[in-house]
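Participant: With the input below, show me the fold.
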Amino acid sequence: MNFCIQGIGAVTPLGPTGLETWLALCDGQHAPRTRFGKALADRNYFACPVPGKFLGGAARQPRLRRSGTISLLAALAGSDAFADAGLKLDSGLGDRIAVVFAICSGGINYTRRFYHEIATQGANCASPLLFPETVYNAAASHLAALLGVDGQSYTLVGDSSVGLAAIHFATELLTMQPRLDRCLVVGTEEVDWLLADAFASWRMATNRDQFEVYGRTNGTIFGEGAAAVLVGRTGSLMIAKCSAGLPFHSLSETESAAKEMFCHLPREGAFEMIVSSANGTFADEVEGKVFSEFYPAVPVYAPKPALGEALGAGALLQVAVAGWALRHQRLPGTLRAGCKLLSVNRETRSLPSSQALVTCVGFNHQVNALKLCLVQSAY
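Facilitator: Model prediction:
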């Protein structure tokens with residue numbers, strides 16, 4: 001049974017829609033870096049937030065008036081994916097569509113505010129208005145309500161690779177439940193100083209305003225955003241290969257786990273491009289070694305130096321980039337690429353292609369890959 005991506009949506013620091021984000025990436029732009037406010041001691045970090053003006057449309061929805069940024073981002077990306085597929089959110093598909101959310105940190109802004117009140121003023125002062133937005137499935141419930149989905153809504157919690165696992169989960173739902181027409185898969189992430197500081201304690205975040213990929217591994221900068229793909233049984237972008245992911249238990253096992261994952265994929269002539277998860281951490285070294293061994297001549301594009309590490313939204317943003325690249329037959333140039341991978345694509349260029357590989361090495365010991373094929377161009 002074939003499954004395809006029918007619509008792609010996104011909201012990022014570079015654009016309120018997927019198309020605007022894609023054009024900015026091809027133009028070589030990178031998201032503005034902003035210092036977090038209220039930093040403790042000398043622990044300052046930069047982030048790539050989504051401008052508030054991009055969120056205005058979602059914030060006007062009565063359902064989302066008190067919701068956190070993460071829910072606003074999800075609603076925007078989901079509606080953009082529907083629009084890309086030629087559908088409307090109120091198109092009466094509620095009983096034939098499932099919502100699958102990919103998430104990493106959850107509503108960290110509201111969570112921090114909720115527990116700050118408890119810690120500083122006592123449990124009796126905790127706001128009941130904040131608590132609903134602290135649970136992992138808050139954003140999924142908001143979007144399901146906007147879609148009129150009163151049945152199946154799922155939230156998968158993982159690392160930056162969770163979006164690929166969510167797409168695999170969506171294909172399994174469609175396989176087991178023929179009455180479902182589509183699954184909307186959404187990944188989203190919001191930025192907060194607490195998030196950056198937590199990852200800095202594991203030497204995964206930098207305090208600089210930029211980071212290099214396939215070069216020096218000094219840590220990453222976290223980005224905000226959301227991406228959504230509408231998965232169905234027909235369409236021009238076929239999901240030729242996907243999986244639930246492969247875990248590894250230590251950094252020393254990362255390379256062997258990645259090679260095991262790639263051993264199940266074809267090699268020579270299988271792909272014309274790779275969209276990677278390189279983010280200035282150990283993931284770069286692992287991917288670089290595997291790409292050099294398995295696909296030494298395939299150009300590699302890493303979008304995270306431009307958008308930031310969006311964790312829960314990260315892998316789905318990569319899938320979105322791969323989909324746009326196949327549609328438009330172009331591959332953007334990787335910003336701030338080091339010299340450790342010869343095949344990295346450094347300049348935006350035309351690239352006739354019909355197959356793309358999306359790879360992800362996650363922070364929380366998960367590696368995954370997805371193959372996307374252009375089977376019928378309508379663009």
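Participant: In three-state terms, label residue 185 for me.
Facilitator: strand (DSSP: H, G, I helix; E, B strand; the rest coil).
Participant: Beta-bridge partners for it, please?
Facilitator: Listed by DSSP bridges, the beta-bridge partners for residue 185 are residue 100, residue 229.
Participant: Could you check how many residues crowd around it?
Facilitator: Residue 185 has 30 neighbours, counted by other CB atoms under 10 Å. Every C-beta, even on glycine, is put in place using the N, C-alpha and C of the backbone.
Participant: and if you look at residue 247?
Facilitator: 13.
Participant: Just give the nearest non-adjacent residue to residue 17, would you?
Facilitator: Closest residue in space to residue 17, ignoring its immediate chain neighbours: residue 80 at 5.2 Å, by CB to CB, 6 or more residues apart in numbering.
Participant: all helices for the stretch 251-379 of the chain, in order.
Facilitator: Assigned helices in the stretch 251-379 of the chain, in chain order: 254-263, 282-294, 304-307, 314-328 (criterion: DSSP state H, counting those that start in this stretch).
Participant: Pull the residues that contact the second one.
Facilitator: Judged by CB atoms under 8 Å, 6 or more residues apart in numbering, the contacts made with helix 282-294 from elsewhere in the structure are 213-215, 217, 251, 254-255, 258-259, 262, 265, 267, 274, 276-278, 298, 300, 340-343, 359, 361-362, 367.
Participant: From the residues you listed, keep the buried residues only.
Facilitator: For these, a burial check counting by 16 or more other CB atoms under 10 Å picks out 213-215, 217, 254-255, 258, 262, 265, 274, 276-278, 298, 300, 340-341, 359, 361-362, 367.
Participant: got a list of what the residue nearest to residue 260 when sequence neighbours are not counted touches?
Facilitator: Leaving aside its sequence neighbours, residue 260 sits nearest to residue 246 (CB to CB, 6+ apart; 6.3 Å). Residue 246 makes contacts with 257, 260, 261, 366, 367, 368, as judged by CB under 8 Å, 6+ apart.
Participant: Try it again at 6 Å.
Facilitator: Residue 246 sits next to 257, 261, 367 when contact means CB atoms under 6 Å, 6 or more residues apart in numbering.
Participant: so which of the helices of the stretch 251-379 of the chain gets nearest residue 201?
Facilitator: helix 282-294 (15.4 Å; CB to CB).
Participant: Just the buried positions in that closest one, please.
Facilitator: 282, 283, 284, 285, 286, 287, 288, 289, 290, 291, 294.
Participant: Might one say that residue 363 is in contact with residue 162?
Facilitator: No: applying CB atoms under 6 Å as the test, residue 363 and residue 162 come out as separate, 10.6 Å apart.
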